[in-house]
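Asker: I would like the atomic coordinates for the input below:
(2 chains)
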Amino acid sequence: MTADSYNTVLPNGIRLTFIPAAKFKTISMALFIHQELSAEKATLTALLPSVLERGSRLYPDNLALRRALEELYGAELSTDVHKKGERHLISCSLEMIHGKHVGENGQMLRRGLSILGGLMGDPLVVDGGFKDSYVAQEKEQLANLIRGLINDKALYAVERCLQNMCARERYGVFKYGQIADLEKISPVSLWRYYREILSANPAELYIVGDLDASRVEEAARETVHFHRGPQGDGLPETEVYFEPSEARFVEERLPVEQAKLVMGYRTNIAYRDPLYIALLVYNGILGSFPHSKLFLNVREKAGLAYYVYSRLERHKGILLISAGIDGSKYEKVRQIIEQQVEAMARGQISDVELENTRRGLINQLRAGEDNPYQFINRQLDSEIGGKLYTTDEMIRGIEEIGPGEIKAAAEKVRLDTVYLLQGGERTVPHGH
Amino acid sequence: MATKNCHSVREFSELQESLFCYEIYPGMPLYVLPKPGYQKKYAIFAAHFGSIDNRFRVDGTGEEVAVPEGVAHFLEHKLFEDERGNVFDRFAAHGASSNAFTSFTYTGYLFSTTDHFPECLELLLDFVQEPYFTEETVRKEQGIIGQEIRMYEDNPEWRVFFDLLQSLYHRHPVREDIAGTVESIARITPELLYQCYRRFYHPGNMALFVAGDLDPEQVRRQVDENIARRNYRELGEIIRLYPDEPETVARQRISREMVVSEPLFNLGFKDPALTRLEGDALLRRESAMEIMLDIIFAPSEPLFNELYEDTLIDDRFTAGYTAEPSYGFVLIGGETRDPGTLYERIMEAIARARREGFSAEQFERHRRNRLGSFMRRFNSLEFVANNYLAYRFRGSDLFNYPAILHQITLEEVQSLLEEVLVPERHAVSVILPQKS
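Answerer: Numbers count the residues shown, from 1 in each chain, chains lettered A, B, ... in the order given. Have a look, this model is predicted:
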């Protein structure tokens, strides 16, 4: 980060990162609890944020909680689960207007933090478990969310590609878990599970805003003070290295107007590997910008798609190419895409492509510092990826990358799975 | 050419924000929002030409022109290309990212960059003012936009929304998809694009908003020079023609099957007052309407919690209001396992609210909530810029919002409930899971 960040560990072992930023109108805060991503635990982990959001000891129901947020001038609370590599995270974040803009300077931080700390650390517990009705309702909501994946066809196709590609890896687990597991979860078992991870798993608190570091630390100590036990041994690492023998092809059909093509590649490059920055540049030249090879050749030259792009699952070393296409043109589109990937592997990169991509990536990095949550997300990526890149280091790295390193990264990229969602009679299994 | 330097500064003192306003000859407003400490700089250059502007009168001859649905959006796509290729690449050479969008009422061209801002601004001003359409590029774009239309056809939220608009409106073009249809865009030609371009892409019908750590005077000088060298004449009046739209809805109920896991439900109320309002009166109506909807439907009120506990809604359930000078409607909805029951419960809640009225406590709480939420959004350059222009084209000023919010009364909010949420002017649109 170019901005100075202030790091400390709270008495209960939660790491606190404070990023002072006078330019924002808000105070933003987020608490993350880490867990390993696994088929056995995913549904339990996924159920937690929404159950926690239903009520804490201090605000035992949604009505009380929502009104407290409104009193904080419309503070925005959100809880969710995230999948970063084979790490599963529970998050709770809160954004509110800085007190200086509403005549309450110095008052808001502590009030916001105590809501956040209370929801995560002091939940509503009845008879040794979460409240029955909350758990029952949130199970039904989660089941709907899992079934609802199919409503967004582009997202659905990406998820199905990853599920097929990583069927034997933990990464193949859906971040919201699966419906079949819900039945076994009771209010008591869920609370016990939460108590365990709350006590022993890595957790971080991030705060961004125009604040004084010592005040932030003091407020965090007093509000995010729930008891935690000895820390566990750390969570297992994400598996990144795979050499697929030959590409698999998976086709499913749904009665849709537009076919979705998703091609999954193994890059064999981890976040902390020396070639990681070369991989970022590789992905930029290939497909993450409108000046990239994919957009230029599939859309602008051939007119075969409205959207076509590549993106990195940076903690898993997977690169995905997605396109919405006319199903009858699948062969043609796939051929053009593979030609672009082959051109990359042969090192066919023009100076203009390289320079535009460098500038585009640097622009994204700098602009990210104008958004509190992008700040937080980058810190979190460093934490999970096991390597801290400051913005300046990253920019220097991008400036120094040459065609040789990009070619070295390109040569490690292997096509693993091609997924096509075609129009037609449904062949997709129900419950997906 | 001399420039009228109509310079003023709008202050938002609670947020310590100042907006510099200029008028660039002939008649184009320029707004600059300095954002000290921000690395990103953002600019949006917009034409007051949206998907609903497909009938208009040509100045002088008085001839009426009707163009196919989707022209504004098609034009947006095509301005990105000229004889030298696509414009994205030229922004990319500066590390900037560029994009554009078309709404019902306007078209915006934008970029953001952390470096080379003057070069990027010049590029933006140039490409939007230099159209280049050929038979060949139009044909290619028909394929690309055809895929865009199909993508939206598979999007259940988009479908349920446009089905609702088709039910609320008999004739108003807001009922048509912004991108048009595969058939309507097949009728688009280079000549048609040039005709619309000449009509609507004149500085007098455009506006520019720039935000970032910038010197307003320097921006003004650059824009001035760019516009001045094109020798525009004053713009005559643009007469947009909208069909006479009855106050009634076109139909009460529509449903369609798609590949979805659960039904999607949209309930709309048509606001017939909207053909009579513009400027700050429109902004005031919108602000009051939002508070009215919050008091009934917000997650901090009983109805939301009852529906949630009965698993009739999820946390994405919303109620909102859209207001433009020629149309307006309330939209309430989300996913539900049981559209019929949800509909009854909402209509009962509206009837109950009408009987029981609102409390001063509710009113003040939601007003404070709206003000704080609005202020928070000033972290985002894009939010301020895009919304400022959207309101500008309606004749209102977004910076008046806090003052207007302050003026609104509880009685005003209650009377809107009586006036707008009436059973005679509602329609329901539902998407049902496809049986297989």
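Asker: Which residues are in contact with the residue of the stretch 301-436 of chain B found nearest chain A?
Answerer: Minimum separation of the stretch 301-436 of chain B from chain A (C-beta to the nearest C-beta) falls at B:Gly372, amounting to 2.6 Å. All C-beta spots, glycine's among them, are computed from the backbone N, C-alpha and C. Residues near B:Gly372 by C-beta atoms under 8 Å, 6 or more residues apart in numbering or on different chains: A:Leu72, A:Tyr73, A:Gly74, A:Ala75, A:Met96, A:Ile97, A:Val102.
Asker: do A:Tyr156 as well
Answerer: Taking C-beta under 8 Å, 6+ apart as the contact definition, A:Tyr156 lies against A:Leu149, A:Ile150, A:Lys260, A:Leu421.
Asker: now that we have those, which one has the most neighbours?
Answerer: Going through these with other C-beta atoms under 10 Å in any protein chain shown as the criterion, the one with the most neighbours is A:Lys260, at 28 neighbours.
Asker: excluding its backbone neighbours, what's nearest A:Ser322?
Answerer: Using C-beta to C-beta, 6 or more residues apart in numbering or on different chains and skipping residues adjacent in sequence, the residue nearest A:Ser322 is A:Val262, 5.1 Å away.
Asker: tell me which element that neighbour is part of?
Answerer: Taking DSSP states H and E as the definition, one finds A:Val262 inside strand A:259-266.
Asker: What is the helix or strand just after that strand packed up against?
Answerer: Note on strand A:259-266: by DSSP H and E, the next helix or strand toward the C-terminus is helix A:276-283. Where contact means 3 or more C-beta pairs under 8 Å, 6 or more residues apart in numbering or on different chains; DSSP states H and E, helix A:276-283 is packed against strand A:305-313, helix A:351-368, helix A:391-400, helix A:403-410.
Asker: Compute the inter-axis angle for the second one and helix A:403-410.
Answerer: Using axes from the mean of the first three to the mean of the last three C-alpha atoms, to 10 degrees, the direction of helix A:351-368 lies 80 degrees away from that of helix A:403-410.
Asker: Up against chain A, what does the stretch 251-400 of chain B have?
Answerer: With C-beta under 8 Å from any C-beta of the partner chain as the criterion, the stretch 251-400 of chain B meets chain A at residues B:259-262, B:298-302, B:305, B:308-309, B:311, B:314-315, B:335, B:337, B:365-366, B:368-373, B:375-376, B:378-381.
Asker: in terms of contact, does B:Leu214 touch B:Phe117 like I think?
Answerer: Yes: in this structure B:Leu214 lies within contact range of B:Phe117 using C-beta atoms under 8 Å: 6.9 Å.
Asker: ok, B:Val182 - contacts?
Answerer: Contact partners of B:Val182, counting by C-beta under 8 Å, 6+ apart, are B:Gly146, B:Ile149.
Asker: now A:Asp370
Answerer: Counting by C-beta under 8 Å, 6+ apart, the residues that A:Asp370 touches are A:Lys23, B:Tyr38, B:Gln39, B:Lys40, B:Asn379, B:Leu381.
Asker: can you tell me how far the fourth one sits from B:Leu110?
Answerer: I take that to be B:Lys40. Shown here: B:Lys40 relative to B:Leu110, a distance of 12 Å by C-beta to C-beta, to the nearest Å.
Asker: In terms of packing, which of those two has more residues around it?
Answerer: Neighbour tally, B:Lys40 and B:Leu110, criterion other C-beta under 10 Å: the higher count belongs to B:Lys40, 23 against 19.
Asker: In terms of pLDDT, where does the closest residue in space to that one that isn't next to it in sequence sit?
Answerer: With sequence-adjacent residues excluded and distances taken as C-beta to C-beta, 6+ apart, B:Lys40 is closest to A:Ala367, at 4.2 Å. The model reports A:Ala367 with a pLDDT of 95.
Asker: Test my guess that A:Ala367 contacts B:Ala96.
Answerer: No: shown here, A:Ala367 and B:Ala96 do not form a contact pair, counting by C-beta under 8 Å, at 10.0 Å.
Asker: Can you pick out the residue with more neighbours from these two?
Answerer: Summary of the neighbour comparison: A:Ala367 and B:Ala96, criterion other C-beta under 10 Å, with B:Ala96 having more neighbours (29 against 22).
Asker: what about B:Ala403, neighbour count?
Answerer: Residues lying near B:Ala403 (other C-beta under 10 Å) number 12.
Asker: next one: phi and psi at B:Thr113?
Answerer: Summarising the backbone geometry of B:Thr113 under the convention degrees, to the nearest 10, its torsions are phi -150, psi 160.
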